[in-house]
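A.B. asks: can you look at this prediction? I've put the sequence above it.
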Amino acid sequence: MLNTVERRVSEAKLDLAFARNKLVRKAFAMLRAFHGPEEWLTSMELSQRAGVPKASGHRLVQTLEDIGAVVRGPNGRYRLGMLVVTLSHKVSIGELLRQAAQPILSEVAVKLGCTAHLGVLENCMVTYLCKISGSSDFIVHTRVDAQHEAYCSGLGKVLLASLTPAALEEFLLDGDFVPLTAKTLTDRAQLRAAVRQADEQGFALDDEESACGMRCVAVPLRDGDGITIAAISASGRADRLTLERVESVCEVLKEAAAEIERRFNPR
């Protein structure tokens, strides 16, 4: 008899935990339903976007309003509240990316015998968030938190491909491009074509354009909406990271990118 009671109590606790878990997921689904910080939506619109029944959606919105996650405005519409703003200020996207990518890039660096990088685009420059060396016989002169020109790197081309056409043209027309090696692309038409190619093929190549004797392959990292937010790369000696190896290196990087994206954005 006692075992039966204990089992029923245990099952009841599991049911309660499952219900709370579903409630939390629904609450976050309601918050994700906003497409921007300035958007005002009704409770019904939020429920429809989140795929939540109207009645439970209405109760959730009231709870979110009580804790400051949403704010009620005119005509019964809601927008994101100060709680969301406050929490977002406590999170560094760069640090989250770094933490998600570091263990995976360590495996990539060792597997390929290259130096693996994680970078983001800031003011049309590549900022390195992570660097891991998998070989000691070739030094790549980069460092974490330093910046590098985007036009002559694999990471840069991938990240430039994420710009709008207007933003890319503004970048291309903003001054001259200094050749770092004999292979650096400095012609605007060639750069435009290289960026377009990176966008179409899903990876970019730095063929001794930023440093003599170094070749680099880079692929994008995307968020849950498919927007490029960063890029990862493998750099190494050109005589080892040959053009014949580019395809296989690219596949390793794409697999790593998919795993980083999953860790960074489990949704």
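C.D. replies: Cool, got the structure.

A.B. asks: switch to C-alpha atoms for all contacts and neighbour counts from now on
C.D. replies: Will do.

A.B. asks: now the helices: where do they sit in this protein?
C.D. replies: Counting by DSSP state H, the chain forms helices over residues 2-32, 43-50, 54-66, 82-89, 93-112, 154-160, 165-172, 188-201, 246-264, given from the N-terminal end onward.

A.B. asks: list of residues touching the second one?
C.D. replies: Pointing back at helix 43-50 there. Helix 43-50 is contacted from outside by 26, 29-30, 32-34, 53-54, 57-58, 61, 76-78, using CA atoms under 8 Å, 6 or more residues apart in numbering.

A.B. asks: cool, the shortest one as well?
C.D. replies: Outside of helix 154-160, the residues within contact range by CA under 8 Å, 6+ apart are 119-121, 124-126, 149-151, 168, 194-195, 198-199, 202-206, 216-220, 228-233.

A.B. asks: thinking again about what came up before, report the two of the contacts of helix 43-50 separated the most.
C.D. replies: Lys26 and Gly76 (20.4 Å; CA to CA).

A.B. asks: these two: who's more crowded?
C.D. replies: Lys26 (20 against 11; other CA atoms under 10 Å).

A.B. asks: OK, contacts around the more buried one?
C.D. replies: Residues counted as contacts of Lys26 (CA under 8 Å, 6+ apart) are Ala50, Val52.

A.B. asks: distance check, it against Lys54.
C.D. replies: In this structure, Lys26 and Lys54 are 12 Å apart, going by CA to CA, to the nearest Å.

A.B. asks: try Phe177
C.D. replies: Here the criterion is CA to CA. By it, Phe177 lies 56 Å from Lys54.

A.B. asks: and if you look at Gln62?
C.D. replies: Noted for Gln62: a distance of 12 Å to Lys54, by CA to CA.

A.B. asks: so where is the stretch 101-250 of the chain shaky, pLDDT-wise?
C.D. replies: With pLDDT under 70 as the threshold, the stretch 101-250 of the chain has low-confidence stretches at 136.

A.B. asks: mind redoing it with 90?
C.D. replies: The model of the stretch 101-250 of the chain has pLDDT under 90 over residues 123-124, 134-142, 145, 174-176, 223-226.

A.B. asks: domain-wise, how is the chain divided?
C.D. replies: Taking automatic domain parsing as the criterion, the chain consists of the domains 2-89, 93-264.

A.B. asks: which of those domains sits most buried?
C.D. replies: domain 93-264 (a mean of 19; mean count of other CA atoms under 10 Å).

A.B. asks: so who does the closest residue to Ile104 other than its chain neighbours touch?
C.D. replies: Excluding the flanking residues, the one nearest Ile104 by CA to CA, 6 or more residues apart in numbering is Ala256, at 6.4 Å. Listed by CA under 8 Å, 6+ apart, the contact set of Ala256 reads Ile104, Leu105, Val108.

A.B. asks: ok, Phe203 touching Thr228?
C.D. replies: No. Using CA atoms under 8 Å as the test, Phe203 is too far from Thr228 to be in contact (11.9 Å).

A.B. asks: what do the two both touch?
C.D. replies: Common neighbours of Phe203 and Thr228 (criterion: CA under 8 Å, 6+ apart): Pro220.

A.B. asks: setting aside sequence neighbours, what's the nearest residue to Glu95?
C.D. replies: If you skip the residues right next to it in sequence, Glu95 has Leu129 as its closest partner in space, 8.0 Å away by CA to CA, 6+ apart.

A.B. asks: next up, the contacts around that neighbour.
C.D. replies: Taking CA under 8 Å, 6+ apart, one finds Gly94, Glu95, Arg98, His117, Leu118, Gly119, Val120, Val144, Asp145 in contact with Leu129.
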